[in-house]
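Q: Predicted structure and sequence below. I'll ask about it afterward.
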Amino acid sequence: MKLSPAYRLAATVLHGFDEYRSRFKQITSDASRRFCDAAWREAQQASAERINLYEEKVTDTLERLKRTFGDDVLAHCECWREAKGHYAELISQRLDYELAETFFNSMFCSIFHHRHIRDDWMFVYSSREDAAHHSGIELCRRRPVAGDWEGALAWALGEAPFRTPFVDLARDVALGGGFLAGHLPAAILEAGDTEIELLKSVFYRNKGAYLVGRIRGGGEQVPLVLPVLHDAGEGLHLDTVLIEPDEVSIIFSFTRVYFQVEVPVPGEFVQYLQELMPGKPAGELYAAIGFFKHGKTEFFRALNRHVAKREDRFIIAPGVRGMVMAVFVLPSFRTVFKIIKDRFDPTKEMSRENVREKYRMVKRHDRVGRMADTQEFSHFITRRDHYDPECLAHLLEVAPSSVQLKGDKVIIKHCYTERMMTPLNLYLEQCDEAETRAVLKDYGNAIKQMAAANIFPGDMLLKNFGVTRHGRVVFYDYDEVCYLTECNFRHIPEPLYPEQELSDEPWYSVGPNDIFPEEFGPFLFADIRLRKLFYQLHPELLDADYWKGLQQAVRDGRVIDVYPYRNKQRFAGGDDNGLVH
């Protein structure tokens, strides 16, 4: 029987998706070996490869479609309508059906350049929106505690699939068991049915492996995360125990590189994680475990549902307006939308493509908990009455090539989305003395941690950093970001005579990549009080030799990790800057 063009189109797209999933699983499954071998450079390369893989397979599949089908098939929306029906049948029994739907959407958008976004022709809504499917696959392992917390932890660590032994398992379980006995709610400690439950899959990221699950008993539950580190040449050790929901949420933060974790059933896996972190959107959790494209799909669906409620309108983002980006927000959705302006301020010597490449660079790089993840959208359409008039007028003025009106619709050709944060400069205006000290300490640590990961933020002004709901300082303005090793850090030369020092112009040559850390204080802080406190907290950031030392560490191949919890929580103590060497 001759198959229809629409069926062959669906089968070809699914073949491309299968190729993507096969390679994705290969990279992910090798994470255990990389961790046990302490192959940290290889782990970084694997992370970047897996992020790039999606677009590579979309491109490969698009080329295959163009070789196989003519424009009469590919450019015909009705053919895609029929293909969607066939595709839905082909994936109906798959455990990763939602990821397959997103791949189909990517192919459709590649053909039609992100136009014709309708559920008739692509999966704007899931094919299983109203159908409850359960795989029956057991995701977790469990053990009753029976009052023996050390025994339960010995099981949790000892039964984990690590081929590298723990240096001192007895010490680790004694520390962890003592912590749990002293910090868990009384209802759990005293219950006769208390058990530890852990996902069978281990979450690998950078130099850490994380056992994730929960403790249940007495009708209550708390999340449980056991971070395990590998001391190369020695062995494994339990670094701490985390049971607070906010602490666990930070482990899965949008500011960190995606986990390498084997996920047998993506939807059920994410549902389980949401039970541990109810405040975490499904899109963020899909992204956290590597499925960032489907995370974008989930975000888009959630945004559409939210906008339909018409609770509020898009407004200009609070804070200082950017020189490169026009930024607006939907306050109740806690999301920032960023559009590249048509014209930049004269001090910004860059092009639109330069800016896009900076954002791609951050997407591929280890964000070390200090750089916000972004999603990139093309042909984003909303209703005109969803915008505050002042906001819409501003967007049309500064980015007319990207923002257009068509009837009652606003069409945005290209934009980025990020999680909304409080700009650091605005946060500091509302702080008391203790909060000011804490946030400036974290601001400096953010700069140090990015530098340790070979990232120099470029423009370190306070307005380019935000403060999360957990009080962490995060960088979010990437138009001047560069690799640390590209910078030339210099001391300011001594003037030869007094007139040079009094001159408005520098008495020394300045190259395009030259950076003078001694100038950071006056440049970053107009407020003398804040400047003095910053000098006190982070004097090394004003020293060119400190930056040169970081550059040398990167060139020497040292991979420095940033653990996603506080130093004082670590059983072994830690570096004041939050670094794992």
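A: Received the coordinates, thanks. Numbers count the residues shown, from 1 in each chain.

Q: I'd like the next helix or strand past the helix of greatest length in the chain.
A: Longest helix in the chain, counting residues (DSSP state H): helix 40-68. Using DSSP states H and E, the helix or strand that directly follows helix 40-68 along the chain is helix 71-74.

Q: The following helix or strand past that following helix - contacts with which helices or strands?
A: On the C-terminal side of helix 71-74, the closest following helix or strand by DSSP H and E is helix 77-90. If contacts are counted by 3 or more Cβ pairs under 8 Å, 6 or more residues apart in numbering; DSSP states H and E, helix 77-90 sits against helix 5-29, helix 97-112. C-beta: built from backbone N, CA, C; applies to glycine.

Q: tell me the secondary structure for Pro493?
A: Assigned state for Pro493: coil (three-state reduction, DSSP: H, G, I helix; E, B strand; the rest coil).

Q: surely it meets Tyr508?
A: Yes. Using Cβ atoms under 8 Å, Pro493 makes contact with Tyr508 at a distance of 4.7 Å.

Q: Name the stretch among the helices and strands packed on helix 77-90 that sits most buried.
A: Highest mean neighbour count among the helices and strands packed on helix 77-90 (mean count of other Cβ atoms under 10 Å): helix 97-112, with a mean of 21.

Q: how about the helices in the stretch 201-350 of the chain?
A: Along the stretch 201-350 of the chain, the stretches classed as helices by DSSP state H, counting those that start in this stretch are 245-251, 266-276, 282-288, 292-309.

Q: Count the residues that sit near Ile91.
A: For Ile91, the neighbour count with other Cβ atoms under 10 Å is 23.

Q: Quick check: closest non-adjacent residue to Gly16.
A: Spatial nearest neighbour of Gly16, chain neighbours left out: Thr61 (2.9 Å); criterion: Cβ to Cβ, 6 or more residues apart in numbering.

Q: Please apply the same query to Tyr535.
A: Gly521 (6.2 Å).

Q: One more: Leu229?
A: Distances taken as Cβ to Cβ, 6+ apart put Asp239 closest to Leu229, at 4.8 Å, once the chain neighbours are dropped.

Q: Let me know the pLDDT of that neighbour.
A: If you check Asp239, the pLDDT there is 94.

Q: And the helices of the stretch 201-350 of the chain: which comes nearest Asp527?
A: Closest approach to Asp527 among the helices of the stretch 201-350 of the chain (Cβ to Cβ): helix 245-251, 29.2 Å.

Q: Tabulate the helices and strands packed on helix 77-90 (CSV), appending distance to Gln44.
A: Output for the helices and strands packed on helix 77-90, formatted as CSV (distance: least, Cβ to Cβ, whole Å):
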stretch, distance to Gln44
helix 5-29, 12
helix 97-112, 24
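
Q: could you dump the ones you listed to CSV with mean pLDDT and distance to Asn425?
A: Putting these into CSV (pLDDT from 0 to 100; distance: least, Cβ to Cβ, whole Å) gives the following:
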stretch, mean pLDDT, distance to Asn425
helix 5-29, 97, 40
helix 97-112, 94, 37
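
Q: looking at the helices of the stretch 201-350 of the chain, which is buried most?
A: Burial of those is given as mean neighbour count (mean count of other Cβ under 10 Å); helix 282-288 ranks first at a mean of 23.

Q: what packs against it?
A: Helix 282-288 packs on helix 266-276, helix 292-309, going by 3+ Cβ pairs under 8 Å, 6+ apart.

Q: wait, which of those helices is closest to Val257?
A: Taking the helices and strands packed on helix 282-288 one by one with Cβ to Cβ, helix 292-309 is closest: 10.6 Å.

Q: Report the angle between the closest one and helix 97-112.
A: With axes from the mean of the first three to the mean of the last three Cα atoms, to 10 degrees applied, the angle from helix 292-309 to helix 97-112 works out at 80 degrees.

Q: For helix 292-309, which helices and strands make contact with it?
A: helix 40-68, helix 97-112, helix 282-288, strand 325-330, strand 375-383.

Q: Much appreciated, bye for now.
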